[in-house]
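[1] any chance you could fold what I've pasted below:
(one chain, ligands or ions: 2)
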Amino acid sequence: MSEQDSAVLVVEELRVSRKEPGEGQGLLSGISFEVGNSEVLGLVGGSGSGKSLTVRACMNLLPEELRAEGSVKFRGTELQTLGGKHMADYRARDFGLVHQDARSSMNPRRTVGDFILESVLHSRMLSFDEAFHSACALLRDVGISNPEARMRQFPNELSGGTLQRMMIVAALLHNPKLIYADEPTSALDVIAQSDVMAILLEQVRDRGMALLLITHDLDLATASCDQIAVMHAGQIVESGPAGVITSHPQHGYTRRLLEARHGTALPGNSEPASNSDATKGTN
Ligand SMILES: Nc1ncnc2c1ncn2[C@@H]1O[C@H](COP(=O)(O)OP(=O)(O)OP(=O)(O)O)[C@@H](O)[C@H]1O
Ligand SMILES: [Mg+2]
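    Ligands and ions are numbered 1, 2, ... in the order given. Okay, here's the model as predicted:
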């Protein structure tokens, strides 16, 4: 089986650094992982570990002051060397992006319908009427009633949970191969969190899409993901099947995440987070 058949995204030795010389220049140091077809991979780590930078580097969306090196292949095509126009095409056609906070990602002066339809209309895949009807059908699928009226509302008229569902619809509407979801529920209350996460997973699984789920929550990742990669200080310190990572953690940082989750120390866990017993790799 070729790489293209087996993996949607293959990231190898991805490094991100500041262009300006100086201390702390390196932000990601040699990240490698794969997301298989229809697979859900959880990238789990604490604040500042480099999760969002990884997503931005994979989408060629790093800010001007940062530089990426290494390889990011989407279905066999190297993205790191693609020009802006080609990369924009990939983003519009093949990727969906769900941010942490839908409200701050939407223009308050434009309707949520404008936001949802933007990508699919930009790529000219559907006419306005087709896109509007597809969006309404999808909004119903994610539990939003009277979607025609909702599409004409402004972000400040809707709850955080409803807006987050709308953002999921915007990410799904053009039927991408891969969804990046960066802390998609952490701005919501706990009830809305579990509803929105269930909706995202159901839609992704039903449509056979791959999902890269960014979270600091190991419980959430264990419940939602096929594979987990644990990030710490700009590196993947451990990766593998979700059940194995939590039942047999190999790295001290993973154990610390587990301890924090259970509020107890695990037997034999006295290593500092920076120990070197990582099982780096791409599974
Ligand atoms: N534009 C930038 N210039 C310089 N450093 C940056 C830039 N963006 C991010 N960083 C640094 O890179 C590191 C990783 O940031 P990143 O946003 O990826 O963390 P994260 O794991 O997503 O954290 P969080 O869970 O808080 O969102 C942090 O130390 C951050 O300060
Ligand atoms: Mg982040």
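
[2] ok, and the closest non-adjacent residue to whichever residue of the stretch 101-250 of the chain sits closest to ligand 1?
    Nearest residue of the stretch 101-250 of the chain to ligand 1: His216, at 5.4 Å (C-beta to the nearest ligand atom). Glycine gets a C-beta too; all of them are placed from N, C-alpha and C. In space, His216 comes closest to Gly46 once its chain neighbours are excluded; the distance is 5.9 Å by C-beta to C-beta, 6 or more residues apart in numbering.

[3] show me what contacts that neighbour?
    Listed by C-beta atoms under 8 Å, 6 or more residues apart in numbering, the contact partners of Gly46 are His216, His232, Leu257.

[4] contact residues of the stretch 101-250 of the chain facing ligand 1?
    Within the stretch 101-250 of the chain, the residues that sit near ligand 1 (C-beta under 6 Å from any ligand atom) are His216.

[5] now the strands for the stretch 101-250 of the chain?
    178-182, 210-215, 227-232, 235-241 (DSSP state E, counting those that start in this stretch).

[6] same list (those strands) but as a markdown table, adding mean pLDDT.
    Compiled in a markdown table, the strands of the stretch 101-250 of the chain are given as follows (pLDDT from 0 to 100):
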| stretch | mean pLDDT |
| --- | --- |
| strand 178-182 | 96 |
| strand 210-215 | 97 |
| strand 227-232 | 97 |
| strand 235-241 | 97 |
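
[7] Serialize these to JSON lines and add fields for mean neighbour count and distance to Asp114.
    Putting these into JSON lines (neighbours: other C-beta atoms under 10 Å; distance: least, C-beta to C-beta, whole Å) gives the following:
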{"stretch": "strand 178-182", "mean neighbour count": "24", "distance to Asp114": "21"}
{"stretch": "strand 210-215", "mean neighbour count": "25", "distance to Asp114": "25"}
{"stretch": "strand 227-232", "mean neighbour count": "26", "distance to Asp114": "35"}
{"stretch": "strand 235-241", "mean neighbour count": "23", "distance to Asp114": "38"}
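
[8] can you confirm Ala92 is in a strand?
    No. Under DSSP: H, G, I helix; E, B strand; the rest coil, Ala92 sits outside any strand and is assigned helix.

[9] got the contact list for it?
    Ser119, His122, Ser123, His174.

[10] now it: closest residue in space that isn't a chain neighbour?
    Per C-beta to C-beta, 6+ apart, closest to Ala92 is Ser123, 4.3 Å.

[11] neighbours of Glu65, how many?
    Glu65: 8 surrounding residues under other C-beta atoms under 10 Å.

[12] mind checking pLDDT for the closest residue in space to it that isn't next to it in sequence?
    Using C-beta to C-beta, 6+ apart and skipping the chain neighbours, the partner closest in space to Glu65 is Lys19 (5.7 Å). Lys19 carries a pLDDT score of 89 in this model.

[13] next one: Ile214 from His86, what distance?
    As judged by C-beta to C-beta, to the nearest Å, Ile214 and His86 stand 25 Å apart.

[14] same question, Leu138
    On the measure of C-beta to C-beta, Leu138 and His86 end up 27 Å apart.

[15] and if you look at Ser127?
    For Ser127, the distance to His86 (C-beta to C-beta) stands at 25 Å.

[16] all set, thanks.
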